[in-house]
Structure formats: structure tokens, C-alpha cells
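A.B. asks: All I have is the shape, not the residue letters:
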């Protein structure tokens, strides 16, 4: 049985993620994984390059984001410790609707909710919930934080709210590393999932590629935090937050094959592809002209006759036919008409 990483950070989790996109794709292929998610902190900076690199190598990309969720209104900027002003939440685009909602949520985080981090809130999550698959994230997630601080009822309420909003698309998340408290959180997550009949998914919150990259990542983290490496009170990541293989993930949850199977299920559910297209406005055509192509050929021919005479010299006609053929074949007639209209108007106004 394989496995799909659904909680993965790249270099676009600025000064926190140490994985390069190409390395992630190659490592997933090395482990014969069918898909891979990119879930950078609060942003989608790497989404286009990631999906392009993944599809090129035959790997299904899952576009996602680890969102910052405000505990109240996203616009509330009451003073307090930065980490208490948001929770983490993993969002994955299942389809085109989900991708559009993910883009919208990312933008709202920066334009309306930015306070220490780009934050969203429950109101906009409910408004833009369509097509998104959601998991409860790490120790900094809302459910996790409530569980670890003894607020079991609050954790239960939060999980039920997300399960109701993202019906059949919400998963509680367990992770396979040794961060202090993670094993206890996993146990409590399993208990909560049993109580609420919710599915559980395994991730590893991968911030670096191999276990041996931990020291380099720790240096990167210090740069991001503005801390000295010798500072005993600074944040430290466990050396297990790397891109583990399927066998390692299964070994972490030997009695719960469902948490591995659910990653594959999510990978199968995702159906999102992109077509690279250029959208050019339709050019307003004069009466009696039916297509942009016809009008471009007419203007070009008349202009050539003005410049070179009628009938056109053979070499001029051959060159004109060749260049028009390229433009017509590539569908750029409207673009050239718009450019011609700009230049015509500028000349009429005496603008060089």
C-alpha cells in the first residue's frame, strides 16, 4: 500500500519550509506515491510551479494551503501573543470550485484578516467551503490546542462545526513525528474521532526532505525568528518532520491502516487540472464583417496596397500571406486588431 503526503511545506513557506518543489516531486516519485499535496503557510505562491512540475513527471498535484484561522473575527486586531491570534487548518482543493475558493480565502487572509499572519475566520470558511477537503492540522490547530489544554468540549464543538460545514470532506489529523505532545494528541484525536464518527488521516507536516536536513532547517528557522541558535527558549522543530516514505508512515500507525488508506482516498477524489489559455477581448467589428480574421485580412491587404501599390508585388504578397497565416492559425487576430486600434488612435491624436 502506498501513501500520499497531504501536509507538506516548501520553500514558499517562507523561512519555515526547506523543501524545493522539484525535490518534493522527485521524492514522491521515488516512493511511488500517486499524488502529493502542497500546503504552504497562508499562501499559494508555489501552486502553479508545483502543479506544472508534478504533471510533467506524471504525479498528481493537490493544491492546498495551511490556513491561519482567527479565533474570532478575522478583522479583530486586539493585542495579544501572536500564536494566540490564529489556529492552523489544512485546506485542499478537490476540484475547480475548491481551487477558486482556496484562491479567494488566500486573498481574504491578506486583504481583510492580516494581523501577524494572513487570517481567515469561520464566516469566510463557511462562505467559501465548496470543493474543499479539510483536515485539522497540527498541534497549532483549533481542535488540537483545545484537546491539549483540557478543553474537550470546545474541541468537540470545533470538530463538529467543521464536519457540518465541510460535509464528508473533513478529517481529523494525526502525525508521525516525535514532537513533544504529538503522541498524546494522536491518542486524543483517535478518541474524538471515535466519539464523533469522523475519519482520520495521517500526515507528517513535512518541512524538510530528509532527517539529515534537520540542522540546516533549524538554521533557517532561526533566521526567520531572528533568534540565535544557542537561545534555549526559542522554537525548535522535531527532527522527524521530514518527507517520510509509505513504510515509515505505516509503521507509525500499525493498528490504524485506515489513516493511510484515507490519504489515498483523498488523492483519488482530487480532480483538478489547468489549461493555459490567453483571454483576449472580442474586437468590435464594423457592419458587414463577420469575423475578426476577415477584418484583419481586409485591413492588412488595404494597408499593403497603400504602401506597395495595387496589384501587390509577388514578394510582398507572399510575405503578407505567410505572416497572416501564422496569426490566423494561432488565433491572435483579435490581439492584432486591438493593437492596430491603439496605434491608429494614437496617430490621430498626434501621440508618437
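C.D. replies: Yep, it's here. This structure is a prediction, so every number in the text was calculated from the model and none was measured. Numbering: from 1, shown residues only.

A.B. asks: pLDDT on the top strand by length along the chain, on average?
C.D. replies: As assigned by DSSP state E, the longest strand anywhere in the chain is strand 60-69. Across strand 60-69, the average pLDDT comes to 98.

A.B. asks: Give the other helices and strands that the helix or strand following it contacts.
C.D. replies: Using DSSP states H and E, the helix or strand that follows strand 60-69 in sequence is strand 87-93. If contacts are counted by 3 or more Cβ pairs under 8 Å, 6 or more residues apart in numbering; DSSP states H and E, strand 87-93 sits against strand 60-69, helix 96-111, strand 132-135, helix 142-148. For glycine as for every other residue, the C-beta is placed from the backbone atoms N, C-alpha and C.

A.B. asks: okay, the ones you listed in a markdown table with mean neighbour count and distance to residue 317 next?
C.D. replies: Converted to a markdown table, those look like this (neighbours: other Cβ atoms under 10 Å; distance: least, Cβ to Cβ, whole Å):
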| stretch | mean neighbour count | distance to residue 317 |
| --- | --- | --- |
| strand 60-69 | 26 | 49 |
| helix 96-111 | 18 | 46 |
| strand 132-135 | 26 | 57 |
| helix 142-148 | 23 | 71 |
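
A.B. asks: Residue 249: which of the ones you listed is closest?
C.D. replies: strand 132-135 (14.8 Å; Cβ to Cβ).

A.B. asks: So for that closest one, mean pLDDT?
C.D. replies: Here the average pLDDT along strand 132-135 is 98.

A.B. asks: again with stretch 89-101
C.D. replies: 98.

A.B. asks: now the strands: where do they sit in the protein?
C.D. replies: Using DSSP E, strands in the chain cover 35-38, 60-69, 87-93, 119-120, 132-135, 170-175, 200-203.

A.B. asks: Out of those, which is closest to residue 164?
C.D. replies: Nearest to residue 164, of the strands of the chain and by Cβ to Cβ, is strand 170-175 at 8.5 Å.

A.B. asks: Residue 338 touches residue 282, doesn't it?
C.D. replies: No - checked against Cβ atoms under 8 Å, the pair residue 338 and residue 282 is beyond contact range at 9.7 Å.

A.B. asks: Among those two, which residue is more densely surrounded?
C.D. replies: Remark: of residue 338 and residue 282, residue 338 carries more neighbours, 15 against 9, as counted by other Cβ atoms under 10 Å.

A.B. asks: Mind putting the strands of the chain into CSV with distance to residue 75?
C.D. replies: Output for the strands of the chain, formatted as CSV (distance: least, Cβ to Cβ, whole Å):
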stretch, distance to residue 75
strand 35-38, 28
strand 60-69, 13
strand 87-93, 16
strand 119-120, 9
strand 132-135, 22
strand 170-175, 25
strand 200-203, 30
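
A.B. asks: Burial check on residue 44, number of neighbours?
C.D. replies: So residue 44, with other Cβ under 10 Å, has 21 neighbours.

A.B. asks: I meant residue 195, not that one.
C.D. replies: With neighbours defined by other Cβ under 10 Å, the count for residue 195 comes to 11.

A.B. asks: For residue 103, see how far away residue 129 is.
C.D. replies: Using Cβ to Cβ, to the nearest Å, we find residue 129 at a distance of 14 Å from residue 103.

A.B. asks: re the thing from before, for the helices and strands packed on strand 87-93, give me JSON lines that also has distance to residue 309.
C.D. replies: Shown next, in JSON lines, are the helices and strands packed on strand 87-93 (distance: least, Cβ to Cβ, whole Å):
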{"stretch": "strand 60-69", "distance to residue 309": "57"}
{"stretch": "helix 96-111", "distance to residue 309": "54"}
{"stretch": "strand 132-135", "distance to residue 309": "64"}
{"stretch": "helix 142-148", "distance to residue 309": "77"}
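
A.B. asks: Of those, which is nearest residue 295?
C.D. replies: Using Cβ to Cβ, the helices and strands packed on strand 87-93 put helix 96-111 closest to residue 295, at 34.1 Å.

A.B. asks: Tell me what angle that closest one forms with strand 87-93.
C.D. replies: Inter-element angle recorded for helix 96-111 and strand 87-93: 150 degrees (by axes from the mean of the first three to the mean of the last three Cα atoms, to 10 degrees).

A.B. asks: hang on, the earlier thing: closest one to residue 9 among the helices and strands packed on strand 87-93?
C.D. replies: Nearest of the helices and strands packed on strand 87-93 (Cβ to Cβ): strand 60-69, 7.4 Å.

A.B. asks: Other residues contacting stretch 20-33?
C.D. replies: With Cβ atoms under 8 Å, 6 or more residues apart in numbering as the test, stretch 20-33 has contacts from 2-5, 8, 10-11, 35-36, 38, 46, 49-50, 53-54, 57-59, 209, 243, 245-246.
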